[in-house]
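In: Here is my input, please return the structure:
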Amino acid sequence: MCGACARVAPDWAGPMVSGPIRRASIARFLTEVCHGVKVGTFPGGWTVSRHTGAAQITLTFDELLDLAAPHSMAREWEYLDTALGDYTAVARPEEFSDYLPKEAAGHEDPDLVLTRSDMAPTHLRLAAFGLGLRTLKPHNVAVDFPHRLAPFRLVAVDGIVQGSAPLHGLP
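Out: Next up, the predicted model:
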């Protein structure tokens with residue numbers, strides 16, 4: 001989603017989660033870690049269906065995570081880290097590996113999460129991080145993306161993504 005369409009707000013994660021293969025992979029992951037919903041895809045977005053048959057469409061990554069979060073089975077970061085462990089790095093190079101989300105205004109000593117699954121694809125780590133932010137309500141956390149052309153740390157405070165910090169200058 002490029003944000004050029006006037007009716008759709010730009011998606012900060014768009015370059016990292018767009019495309020039919022990444023959307024489908026995110027849908028499978030969220031269906032696996034969320035009880036009672038099935039996430040599907042369509043060109044440009046996702047669908048979230050409940051076991052009752054009710055379905056909603058979503059065009060942005062944040063909307064998707066907002067719809068899935070009430071159904072998340074995660075009660076701790078370890079659950080999401082373990083779920084990501086089932087995914088290995090994708091065989092083909094990641095598209096937009098040089099893309100960086102907006103810079104975080106501050107990134108003071110956050111707790112690092114999802115530390116055992118850093119080889120999982122970026123789009124799935126983003127999905128797990130975003131779901132954890134909505135489900136676990138952490139105070140000050142971050143997740144590293146070290147295996148990209150432009151490695152970065154994504155920082156969140158009080159469950160809201162603040163932005164990224166380049167990894168090369170961090171301890």
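In: so what's Asp111 up against?
Out: 138, 140-142 (C-beta atoms under 8 Å, 6 or more residues apart in numbering). Every C-beta, even on glycine, is put in place using the N, C-alpha and C of the backbone.
In: From those, which one has the minimum pLDDT?
Out: Note: of these, the lowest pLDDT belongs to Pro138, at 77.
In: if I look at it, how far off is Val157?
Out: Distance of Pro138 to Val157, given as C-beta to C-beta, to the nearest Å: 9 Å.
In: With Pro151 instead?
Out: Distance of Pro151 to Val157, given as C-beta to C-beta: 21 Å.
In: which one of these two has more residues nearby?
Out: Using other C-beta atoms under 10 Å as the criterion, Pro151 and Val157 rank with Val157 on top: 19 against 16.
In: Model confidence score at the residue lying farthest from the centre of the chain, please.
Out: Distance from the C-alpha centroid of the chain peaks at Thr52, with 26.1 Å (C-alpha atoms, centre = their mean). Thr52 is assigned 88 on the pLDDT scale.
In: Is it part of a helix or strand, or is it coil?
Out: Assigned with DSSP: H, G, I helix; E, B strand; the rest coil, Thr52 falls in the coil class.
In: what's near enough to touch Tyr99?
Out: 15-16, 150.
In: Over to it. Which of the three states is it?
Out: Following three-state DSSP, Tyr99 is assigned to coil.
In: Same question for Arg22.
Out: Secondary structure of Arg22, per three-state DSSP, is helix.
In: Equivalent analysis for Glu78, please.
Out: Secondary structure assignment for Glu78 (three-state DSSP): helix.
In: ok, now Pro15?
Out: Per three-state DSSP, Pro15 ends up helix.
In: Touching, it and Glu94? I think so.
Out: No. Contact criterion C-beta atoms under 8 Å: Pro15 and Glu94 do not qualify, at 10.3 Å.
In: picking that back up, just the buried members of the contacts of Tyr99?
Out: Buried by 16 or more other C-beta atoms under 10 Å: 15-16, out of the contacts of Tyr99.
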